[in-house]
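# Quick one, what's the 3D model for this:
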Amino acid sequence: MNASFIYVIVVAHLAHIAAGLIALLVMTIRVLQGKYSPTKILGFELGAVFWHFVDVLWIYLLLFLVFAKDIF
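The predicted structure follows:
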C-alpha cells in the first residue's frame with residue numbers, strides 16, 4: 001500500500017472525527033439551552049444518524065483494507 005494512501009485515510013478519518021465532535025458539541029449546547037423537546041428532536045436524530053453512519057463506514061473500510069491488502 002502506498003504511503004500517500006495511508007495519509008489520505010488518516011486525514012479523512014480526522015475530518016469525520018472533527019465533524020462528529022462538532023455535531024456532538026452543537027447538540028450538547030442545544031440540550032443545555034433547552035431547545036429539544038420530545039416532539040422537537042430532528043437535529044438530535046440527524047446527529048445520531050451521522051455518528052452511526054460514520055461508525056459503520058469505518059468498520060467497512062477497516063474490513064476492506066484488511067481483506068484487500070493483496071490488491072494494493
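# How many residues are close by residue 27?
Residue 27: 19 surrounding residues under other CB atoms under 10 Å. C-betas here are computed from N, CA, C, even on glycine.
# Quick check: pLDDT value at it.
Residue 27 is assigned a pLDDT of 92 by the prediction.
# so who does it touch?
43, 44, 47 (CB atoms under 8 Å, 6 or more residues apart in numbering).
# ok, the last one - how many residues close by?
Just to be clear, that refers to residue 47. Count around residue 47 with other CB under 10 Å applied: 20.
# so how far is residue 31 from it?
According to CB to CB, to the nearest Å, residue 47 and residue 31 sit 11 Å apart.
# Repeat that for the first one.
Here the distance between residue 43 and residue 31 works out to 10 Å (CB to CB).
# When the two are compared, which one has more neighbours?
residue 43 (15 against 12).
# Can you check the pLDDT for that one?
88.
# so what's it up against?
Residue 43 neighbours (CB under 8 Å, 6+ apart): 26, 27, 30, 36.
# which parts of the longest helix seen in the chain are buried?
Using DSSP state H to define each element, the chain has its longest helix at helix 3-32. Residues of helix 3-32 classed as buried by neighbour count (16 or more other CB atoms under 10 Å): 16, 20, 23, 27.
# Now do it: distance to the chain's middle.
Offset of helix 3-32 from its chain centre (CA atoms, centre = their mean, to the nearest Å): 6 Å.
# contacting residues for the spatially most central residue of the chain?
Residue closest to the average C-alpha location in the chain (CA atoms, centre = their mean): residue 54, at 3.6 Å. With contact set as CB under 8 Å, 6+ apart, residue 54 has these partners: 16, 19, 20.
# how about 7 Å then?
Contact analysis of residue 54 by CB atoms under 7 Å, 6 or more residues apart in numbering lists 16, 20.
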